[in-house]
Structure formats: structure tokens, C-alpha cells
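Asker: Mind looking at a prediction? Sequence and model below.
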Amino acid sequence: MIIGGESLGARPFDLQWARDTQNVCFDLGIAFFMKQLGYYLVDKMGIEFDPKGERLENIPKDLRIREFPS
């Protein structure tokens, strides 16, 4: 499952949605991939120089998961 907020012109995205999805994926044995925070959260969190929120250091530690299916 690939999850993340949208790029420019983004609709709201909530980190709890990502956490809830991560928990469901874990329970079902599905690979979880947090792609990006998206522009909405980057703007809301005041993150500079990462317009899509793709850099791992900007993603909360508990969501820095980029698994691939086996």
C-alpha cells in the first residue's frame, strides 16, 4: 500500500490516516510505503526545501516505512 499526501493543489491530509492505514497493513501482512507528506502538510508544518514532503527526515519517525512486497 502506497500512501501520502498530494502535491501542489493538495487536499487536506492527516498523519493519523497514514498511521491507521499502516496498522491495517501490518495486521493484514501488506507492505506499507509512506511516499510523502504532500504539500498540505508541508505547508502546515512549515517545512522548507521539500515541497512534496518526500525527504525521510521530514516524515515522522513512526511513518518512515518504505516496504516492498515480497
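Answerer: Happy to help now that I have it. Numbers count the residues shown, from 1 in each chain.
Asker: So Cys25: helix, strand or coil?
Answerer: Under the three-state scheme (DSSP: H, G, I helix; E, B strand; the rest coil), Cys25 adopts helix.
Asker: what about the nearest residue to it once chain neighbours are set aside, how many neighbours?
Answerer: Excluding the flanking residues, the one nearest Cys25 by Cβ to Cβ, 6 or more residues apart in numbering is Phe32, at 4.2 Å. Placement of C-beta: from N, CA and C, glycine included. By other Cβ atoms under 10 Å, 18 other residues sit near Phe32.
Asker: Show residues contacting stretch 31-46.
Answerer: Contacts with stretch 31-46, where a contact means Cβ atoms under 8 Å, 6 or more residues apart in numbering, come from 1-13, 15, 18, 21-22, 25-26, 47, 50-54, 58-59, 63-70.
Asker: Where strands are concerned, which of those count?
Answerer: Of the contacts of stretch 31-46, the ones assigned to strands by DSSP state E are 2-4.
Asker: Quick one, which of those residues are buried?
Answerer: Buried members of those, scored by 16 or more other Cβ atoms under 10 Å, are 3-4.
Asker: possible to save the ones in strands among the contacts of stretch 31-46 as JSON lines with pLDDT and distance to Leu37?
Answerer: JSON lines is the format used below for these (pLDDT from 0 to 100; distance: Cβ to Cβ, whole Å):
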{"residue": "Ile2", "pLDDT": "97", "distance to Leu37": "14"}
{"residue": "Ile3", "pLDDT": "97", "distance to Leu37": "11"}
{"residue": "Gly4", "pLDDT": "96", "distance to Leu37": "7"}
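Asker: Mean pLDDT per helix and strand in this structure: which one sits at the bottom?
Answerer: The helix or strand of the chain with the poorest confidence is helix 39-45; it has a mean of 94 (mean pLDDT, DSSP states H and E).
Asker: Dump that helix to PDB, keeping only the CA atoms.
Answerer: This file holds the C-alpha atoms of helix 39-45, laid out as PDB (Å, rounded to 0.1, in the frame of the first residue of the first chain):
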ATOM      1  CA  TYR A  39       2.000  19.900   0.000                       C
ATOM      2  CA  TYR A  40      -0.800  20.400   2.500                       C
ATOM      3  CA  LEU A  41       1.200  19.100   5.500                       C
ATOM      4  CA  VAL A  42       4.500  20.600   4.300                       C
ATOM      5  CA  ASP A  43       2.800  24.000   4.300                       C
ATOM      6  CA  LYS A  44       1.000  23.400   7.600                       C
ATOM      7  CA  MET A  45       4.200  22.200   9.300                       C
END
